[in-house]
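*Asks:* Dropping the sequence and predicted coords here.
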Amino acid sequence: MELQELIFMFVGGLGIFLFGIKFLGDNLQKIAGDGLRNMLDRFTTNPLKGVVAGIFVTILLQTSTGTTVLTIGLVNAGFMTLRQAIGVIIGANIGTTATAFIIGIDIAEYALPIVAVGTFLIFFIHNNRVKNIGRVIFGFGSLFLGLNLMSEGLYPLREAQAFQELTVSMSENPLLGVLIGTVFTVAVQSSSAAIGLLQTLFAQGSMSLDAALPVLFGDNIGTTITAVLAAIGASVTAKRAALTHVIFNVVGTILVLLLLVPFTALVEYLQGSLALNPQMTIAFAHGIFNVSNALIQLPFIAVLAWIVIKVLPGNEEAIEHKPLHLNEQVIESSPSVALGLGKKEVLRMADLTAQGLEEVIRYVKTGDRKYGDRIPQFESAINNLDQQISEYLTKISAQALTVKDSKLHSVLLNTIRDLERIGDHMENIMELVDYQRNNKISFSKSATTDIDEMFQLTLSSLIQAIKAMDTDDIAEARAVTEKENEIDKMERVLRKRHIQRVSAKECSGAAGIVYIDIVSNLERVGDHAVNIAETVLDID
């Protein structure tokens with residue numbers, strides 16, 4: 001065949017393989033529903049459970065990169081701690097070996113019939129679940145179809161003198177093989193594709209086992225790059241999680257390179273004793289490497305966490321999204337106690353809301369992105385607590401409550417709704433500031449002073465309302481309601497002042513629009529603070 005045809009076969013086969021992996025993983029995820037994120041969120045209370053969750057989710061996603069990126073997202077949002085994330089990342093490394101074992105089954109000759117079955121289910125069956133199953137089958141067949149094409153495109157390499165010399169060099173210098181595996185995986189952004197290619201070359205006899213194994217280890221290092229890219233711009237904790245993935249795979253590679261001779265001997269022994277085909281031989285090598293690496297490093301998770309904290313120092317505290325006080329076990333036995341726990345969680349949600357509003361003030365004043373990045377985290381935490389507390393209070397409402405507890409139950413439900421709405425207004429203001437910065441809109445000095453004054457009044461009103469609810473202080477609650485007129489009056493005054501500034505050319509029209517919208521959102525925050533205070537007066 002001509003060189004052009006070989007190149008087209010390889011590139012096209014690689015594209016179909018990557019498509020098959022993505023299509024397979026996406027539709028397995030659809031079949032699983034939203035359970036994958038929930039599993040990572042709930043079943044990672046200790047590193048060992050995190051490993052199991054990481055394995056399972058990676059098998060369903062068919063990509064360790066996808067699991068790691070999802071984990072970094074959860075860490076960035078505050079749903080997962082660094083130690084929990086390390087467990088999931090270790091599990092993801094084990095779970096990714098599933099693809100290599102699938103390829104090792106060597107059913108490539110049935111790729112086209114498998115694609116045909118998947119196509120039939122997609123186009124001729126009108127049941128969404130069956131369609132998703134068809135898509136999974138189609139992706140599975142595409143995976144092998146892509147491998148077939150890559151295999152045909154690469155076959156002549158075994159005769160090429162330059163490639164033969166390269167494989168000899170990799171056998172003699174394992175670090176060269178590690179480098180090649182790393183670079184290729186970074187280029188295609190898929191360790192599964194890189195390992196599938198390696199299995200193909202080994203099956204064709206183009207590479208010896210001595211040359212193939214270092215490339216395999218390099219593939220495991222290369223797969224960490226996507227996680228690193230996902231962590232750019234994320235929280236310090238998320239960056240630490242990505243760095244953990246890199247360190248884990250690099251340390252594992254160093255250990256196995258030190259033991260390369262006995263490791264190679266073990267793989268050769270398994271190949272002969274179990275009569276493994278070449279593809280399955282690489283799959284077993286991949287599995288042994290990742291499982292051994294996990295067993296060796298799992299006891300040192302605390303040390304690994306300490307290292308990444310030292311390498312990436314920072315005082316940024318993770319925002320805890322999960323409820324800390326809710327206990328469903330006491331709902332039936334003591335609904336009054338359960339309600340008290342619910343109040344504690346509502347107060348924690350209120351404190352997070354106040355902290356989020358302070359972060360908004362800092363962002364408006366400085367325009368520093370580090371403050372802007374934390375506002376969505378606060379808003380996400382508030383939304384999650386709103387959902388969790390609402391479900392908890394709904395379960396309490398099914399119990400027999402005293403008149404006093406019934407009123408408190410109503411107060412808590414109303415309060416979390418107001419807090420959730422304040423979270424929305426926080427995010428609105430953040431988006432307005434983003435628009436202001438992106439479009440280089442500036443406020444005059446007097447406008448900045450006025451808006452800061454309203455921020456402080458609104459924040460003090462919210463903090464006072466929270467205090468009133470915490471202590472059932474009627475005087476504090478009345479003081480908040482008295483501030484309502486003050487906040488409303490300030491909004492009207494600031495609107496007039498800014499119109500005057502725009503007329504005097506002190507501020508642009510675009511600045512006026514942004515400014516008025518920020519003031520309006522602050523006024524609404526003040527209204528919700530008053531609502532919280534009024535619930536205290538209603539109880540009285």
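*Replies:* Structure's in. What do you need?
*Asks:* what ranges do the strands span in the chain?
*Replies:* In the chain, no strands are defined using DSSP state E.
*Asks:* Report the central residue of it.
*Replies:* Nearest to the mean C-alpha position of the chain, counting by C-alpha atoms, centre = their mean, stands G73 at 1.8 Å.
*Asks:* If you rank every helix and strand of this protein by mean pLDDT, what lands last?
*Replies:* Lowest mean confidence among the helices and strands of the chain (mean pLDDT, DSSP states H and E): helix 35-42, at a mean of 63.
*Asks:* Could you pull out the helices in the stretch 151-300 of the chain for me?
*Replies:* 161-172, 174-188, 191-204, 209-222, 224-231, 236-258, 260-273, 278-297 (DSSP state H, counting those that start in this stretch).
*Asks:* which residues sit against the fifth one?
*Replies:* So that's helix 224-231. Residues outside helix 224-231 that contact it (C-beta atoms under 8 Å, 6 or more residues apart in numbering) are 65, 68-69, 72-73, 76, 185-186, 189, 238-239, 241-243, 245-246, 249. For every residue, glycine as well, the C-beta is placed using N, CA and C.
*Asks:* Does Y515 touch E491 like I think?
*Replies:* No - between Y515 and E491 there is no contact under C-beta atoms under 8 Å: 11.5 Å.
*Asks:* higher neighbour count, the two?
*Replies:* Neighbours were counted for Y515 and for E491 using other C-beta atoms under 10 Å; Y515 has more, 27 against 19.
*Asks:* Identify the residues contacting the more buried one.
*Replies:* Under the criterion of C-beta under 8 Å, 6+ apart, the neighbours of Y515 are F443, A447, I451, L494, H498, C507.
*Asks:* P278 now?
*Replies:* P278 sits in contact with Q199, F202, A203, where contact means C-beta under 8 Å, 6+ apart.
*Asks:* any weak-confidence spans in the stretch 51-200 of the chain?
*Replies:* Residue ranges of the stretch 51-200 of the chain with pLDDT under 70: 62-63, 65-66, 76-79, 155, 157-160, 163-164.
*Asks:* Can you give me the distance of A302 to L243?
*Replies:* 16 Å (C-beta to C-beta, to the nearest Å).
*Asks:* In terms of neighbours, single out the busier of these two.
*Replies:* Neighbour totals were compared for A302 and L243, and L243 leads with 20 against 11 (other C-beta under 10 Å).
*Asks:* That one and V308 touch, don't they?
*Replies:* Yes - between L243 and V308 there is a contact at 4.8 Å, judged by C-beta under 8 Å.
*Asks:* Dump the contacts of P278 into CSV; add distance to P335 and neighbour count as well.
*Replies:* Shown next, in CSV, are the contacts of P278 (distance: C-beta to C-beta, whole Å; neighbours: other C-beta atoms under 10 Å):
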residue, distance to P335, neighbour count
Q199, 60, 26
F202, 65, 23
A203, 65, 21
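*Asks:* confidence score at T264?
*Replies:* T264 carries a pLDDT value of 92.
*Asks:* Rounded mean pLDDT for the lengthiest helix in the chain, please.
*Replies:* Assignment by DSSP state H gives helix 403-438 as the longest helix of the chain. In this model, helix 403-438 has a mean pLDDT of 88.
*Asks:* hang on, the earlier thing: for the contacts of Y515, which one is nearest E523?
*Replies:* For the contacts of Y515, the residue nearest E523 by C-beta to C-beta is L494; the value is 9.4 Å.
*Asks:* was I right about that closest one contacting L457?
*Replies:* No - in this structure L494 lies outside contact range of L457 using C-beta under 8 Å: 10.9 Å.
*Asks:* Looking only at neighbour counts, state which of those two leads.
*Replies:* L494 (22 against 16).
*Asks:* ok, the more buried one - contacts?
*Replies:* Counted by C-beta under 8 Å, 6+ apart, L494 has contacts D450, I451, M454, Y515, V519.
*Asks:* Would you mind listing the buried residues in stretch 381-393?
*Replies:* A381, I382, N384, L385, D386, Q388, I389, Y392, L393 (16 or more other C-beta atoms under 10 Å).
*Asks:* Leaving out sequence neighbours, find the closest residue to the fifth one.
*Replies:* This means D386. Nearest residue to D386, sequence neighbours excluded (C-beta to C-beta, 6 or more residues apart in numbering): E420, at 4.3 Å.
*Asks:* What is the burial count for the one you found?
*Replies:* Count around E420 with other C-beta under 10 Å applied: 20.
*Asks:* gap between it and Y363?
*Replies:* 20 Å.
*Asks:* Next: V88.
*Replies:* Distance from V88 to Y363, by C-beta to C-beta: 31 Å.
*Asks:* The two - which one has more neighbours?
*Replies:* Using other C-beta under 10 Å, the more surrounded residue of V88 and Y363 is V88, with 33 against 23.
*Asks:* quick one: contacts for that one?
*Replies:* Shown in contact with V88 (C-beta under 8 Å, 6+ apart): L40, T44, G50, V51, A53, G54, V57, T67, T68, T71, M80.
*Asks:* what residues are up against the residue lying closest to it once chain neighbours are set aside?
*Replies:* Computed as C-beta to C-beta, 6+ apart, the closest residue to V88 that is not its neighbour in sequence is G54, at 4.0 Å. Residues in contact with G54 (C-beta under 8 Å, 6+ apart) are L40, T67, T71, G87, V88, I89, I90, G91, A92, N93, I94, G95.
*Asks:* give me that answer again for 7 Å
*Replies:* Taking C-beta atoms under 7 Å, 6 or more residues apart in numbering as the criterion, G54 is in contact with T67, G87, V88, I89, I90, G91, A92, G95.
*Asks:* Pick the one among those residues closest to L412.
*Replies:* The nearest member of the contacts of G54 to L412, counting by C-beta to C-beta, is V88 at 33.7 Å.
*Asks:* The closest one and I225: what is the separation?
*Replies:* Distance of V88 to I225, given as C-beta to C-beta: 18 Å.
*Asks:* Repeat that for F23.
*Replies:* 23 Å.
*Asks:* swap in D106?
*Replies:* In terms of C-beta to C-beta, D106 sits 29 Å off from I225.
*Asks:* Check S192 too.
*Replies:* 14 Å.
*Asks:* try L457
*Replies:* Where I225 is concerned, L457 sits at a distance of 48 Å (C-beta to C-beta).
*Asks:* Correct me if wrong: T119 contacts I137.
*Replies:* No - T119 lies out of contact with I137 (C-beta atoms under 7 Å); the separation is 8.8 Å.
*Asks:* quick one, which of these two is more surrounded?
*Replies:* Comparing T119 with I137 by other C-beta under 10 Å, the one with more neighbours is I137, at 21 against 15.
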